[in-house]
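Participant: Need a 3D model of the following:
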Amino acid sequence: MQYTTTYQSPVGDILLAADEVGLTGLWFEGEKYYALHLEKEHEEKETPVLMEARRWLDVYFSGKEPDFMPPLHMMGTPFQMEVWELLRKIPYGKTTTYGELAKQIAKQRGLSKMSAQAVGFAVGHNELSVIVPCHRVVGANGSLTGYAGGIDKKLKLLSLEGIDTDKLFVPKYSTAP
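Facilitator: Okay, the predicted model is just below:
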C-alpha cells in the first residue's frame, strides 16, 4: 500500500508517496511523469517515512544541505537503479554531465563506452527528484536539458544550492517542459 501527502515547496507543490519500506515518489505538480507509478489504490496519510521526507525537504529548502536521508524505495530496471545510485553521489552544490555519468556506468560495467542518451532517459525517469538529485545533471556544453519538473525549477534548485547558473543556458530545443 502506498501513502501520499502534499508538500508545499517554494518552487511549487510536491506530491510525496511512500510505502512501508520508504519513499517511492516525489513529483512536482504538473511534471512530465507526474505520479507515473503511484498505485491506483493509495491513501492520503502522514506516515513516519513521509514525515522524514518532509523534514529533509524543510532543511533543503532552507538553503542547507540535509545531513540525513529519509528511507528510499527506488523501483526501476537494473540500469535505472545503477544510474540513480550515481545521482545520489553527486555532491550538494555541484553538477555533472550526462556524458560523465555514462563514462562512470561504462567503467562499472567494463565497457569502452555507454550512451549518454540512455543515461539521460534513466535520469529523466527518476521518481525521487530533489532527494535523488537529477537536477544536478547538465549537458556537456552547459545546457539545461532533461528535467521532468521543468527547467525553471531546475534553475531554482541549482541556485538554492549556490551553483553559479550564469554559465548554464536553456537550449532552443529541450527535452524538458
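Participant: Going by C-alpha atoms from here, please, whenever you check contacts or count neighbours.
Facilitator: Noted.
Participant: I'd guessed residue 21 sits against residue 71; true?
Facilitator: Yes. Counting by CA atoms under 8 Å, residue 71 is a contact partner of residue 21 at 7.1 Å.
Participant: Looking at the two, which is more packed in?
Facilitator: Taking other CA atoms under 10 Å, residue 21 and residue 71 do not tie; residue 71 has more neighbours (17 against 12).
Participant: for the more buried one, what are its contacts?
Facilitator: Counting by CA atoms under 8 Å, 6 or more residues apart in numbering, residue 71 touches 21-23, 49.
Participant: Am I right that residue 35 sits in a strand?
Facilitator: No. Under DSSP: H, G, I helix; E, B strand; the rest coil, residue 35 falls outside any strand and is assigned coil.
Participant: Now do the same for the closest residue to it other than its chain neighbours: its pLDDT.
Facilitator: What sits nearest to residue 35 in space, not counting adjacent residues and going by CA to CA, 6 or more residues apart in numbering, is residue 27, at 6.5 Å. pLDDT for residue 27: 96.
Participant: after the host helix or strand of residue 27 comes which helix or strand?
Facilitator: For residue 27, the enclosing helix or strand under DSSP states H and E is strand 23-28. Using DSSP H and E, the helix or strand that follows strand 23-28 towards the C-terminus is strand 42-44.
Participant: model confidence over stretch 163-177, on average?
Facilitator: On average, the pLDDT along stretch 163-177 is 77.
Participant: Same check on stretch 36-55?
Facilitator: Rounded mean pLDDT across stretch 36-55 is 95.
Participant: CA atoms of that stretch as PDB?
Facilitator: Extracted in PDB, the C-alpha atoms of stretch 36-55 (Å, rounded to 0.1, in the frame of the first residue of the first chain):
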ATOM      1  CA  LEU A  36       3.600   7.600 -13.100                       C
ATOM      2  CA  HIS A  37       4.000   4.600 -10.800                       C
ATOM      3  CA  LEU A  38       1.700   5.700  -8.000                       C
ATOM      4  CA  GLU A  39      -0.600   2.800  -7.200                       C
ATOM      5  CA  LYS A  40      -4.300   3.500  -8.000                       C
ATOM      6  CA  GLU A  41      -5.200   2.300  -4.600                       C
ATOM      7  CA  HIS A  42      -3.400   4.600  -2.200                       C
ATOM      8  CA  GLU A  43      -4.300   6.600   0.900                       C
ATOM      9  CA  GLU A  44      -3.500  10.200   1.800                       C
ATOM     10  CA  LYS A  45      -1.900   9.800   5.200                       C
ATOM     11  CA  GLU A  46       1.100  11.000   7.100                       C
ATOM     12  CA  THR A  47       3.500   8.100   7.800                       C
ATOM     13  CA  PRO A  48       6.900   8.200   9.500                       C
ATOM     14  CA  VAL A  49       8.600   7.900   6.100                       C
ATOM     15  CA  LEU A  50       6.600  10.800   4.700                       C
ATOM     16  CA  MET A  51       7.300  12.900   7.900                       C
ATOM     17  CA  GLU A  52      11.000  12.200   7.500                       C
ATOM     18  CA  ALA A  53      10.900  13.200   3.800                       C
ATOM     19  CA  ARG A  54       9.100  16.500   4.800                       C
ATOM     20  CA  ARG A  55      11.800  17.200   7.300                       C
END
